[in-house]
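# have a look at this prediction, sequence included:
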Amino acid sequence: MTHELVTNLRPLLTAEVAAEAYASGAEPGDLEQAVWLRLLERLQTDGPPQDVHDWLRSAVRSEGRRTRRALRLERPYPAEPVDDTARDPETLALAAARHRAVREAVRRLPGRCPRLMEALLSPKDLTYREIAGELGISQGSLGPERSRCLGCLRRLLAPEVAAR
């Protein structure tokens, strides 16, 4: 009996839900699921309704009103974090260890590279002009020098990265 009822009601429920979901701003699948749940609860407690089609239409409208009311009353938290994965202690500890490894490798670089890389890694976010002035080199030679230093840094860090 229940399987037959579900099979007979599915097309009507799909049509009613599609119309009501648009009006209430709800997802059709959510509304349909809520109505099926109400029907199953009804079948367990009171048995099938006298006029199943009228009951179904009424249940869909009722669920639509409930959804509209919930949408109107519910408010999101204003200070909800967008992405809190970077805040867990393990991630913070691993990031700090990576930063320390890079800083230690920068200190082992040859020539002017340590000063150049420190200036590039500075939290002050210096411009090329400011870095060139601080290091006493021309702004035009800063790019090639940076490339050479990054190549050295890559070679220094390669064994450490491979070991992990």
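Cool, the structure landed.

# which positions in the helix or strand residue 159 falls within come out as buried?
Under the criterion of DSSP states H and E, residue 159 resides in helix 142-163. Of all the residues in helix 142-163, those buried under the rule 16 or more other CB atoms under 10 Å are 142, 145, 146, 148, 149, 152, 153, 156, 157. Any C-beta I mention is one placed from the backbone N, CA and C, and that applies to glycine too.

# a markdown table for the residues you listed, including distance to residue 18 and pLDDT?
Output for the buried residues of helix 142-163, formatted as a markdown table (distance: CB to CB, whole Å; pLDDT from 0 to 100):
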| residue | distance to residue 18 | pLDDT |
| --- | --- | --- |
| 142 | 63 | 89 |
| 145 | 65 | 92 |
| 146 | 60 | 91 |
| 148 | 65 | 93 |
| 149 | 63 | 93 |
| 152 | 64 | 91 |
| 153 | 60 | 91 |
| 156 | 63 | 87 |
| 157 | 58 | 85 |
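
# list just the nearest of those residues to residue 8.
Nearest to residue 8 among the buried residues of helix 142-163, counting by CB to CB, is residue 157 at 68.3 Å.

# residues touching the closest one, list them.
101, 102, 105 (CB atoms under 8 Å, 6 or more residues apart in numbering).

# what's the distance between the spatially closest residue to the second one that is not a sequence neighbour and residue 117?
So the one you mean is residue 102. Leaving aside its sequence neighbours, residue 102 sits nearest to residue 157 (CB to CB, 6 or more residues apart in numbering; 7.1 Å). As for residue 157, its distance to residue 117 is 12 Å (criterion: CB to CB, to the nearest Å).

# any common contacting residues for the two?
Residues touching both residue 157 and residue 117 (CB under 8 Å, 6+ apart): there are none.

# SS state for the residue of the chain most remote from its centre?
Largest separation from the mean C-alpha position in the chain: residue 50, at 47.4 Å (CA atoms, centre = their mean). With DSSP: H, G, I helix; E, B strand; the rest coil as the basis, the three-state label of residue 50 is coil.

# model confidence for it, exactly?
What the model reports for residue 50 is a pLDDT of 88.

# which residues belonging to stretch 10-27 are considered buried?
Buried residues in stretch 10-27, counting neighbours by 16+ other CB under 10 Å, are found at 13, 16, 17, 20, 21, 24, 26.

# a markdown table for the residues you listed, including secondary structure, distance to residue 44 and pLDDT?
Shown next, in a markdown table, are the buried residues of stretch 10-27 (DSSP: H, G, I helix; E, B strand; the rest coil; distance: CB to CB, whole Å; pLDDT from 0 to 100):
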| residue | secondary structure | distance to residue 44 | pLDDT |
| --- | --- | --- | --- |
| 13 | helix | 18 | 89 |
| 16 | helix | 22 | 90 |
| 17 | helix | 22 | 90 |
| 20 | helix | 24 | 87 |
| 21 | helix | 26 | 84 |
| 24 | helix | 26 | 78 |
| 26 | coil | 25 | 80 |
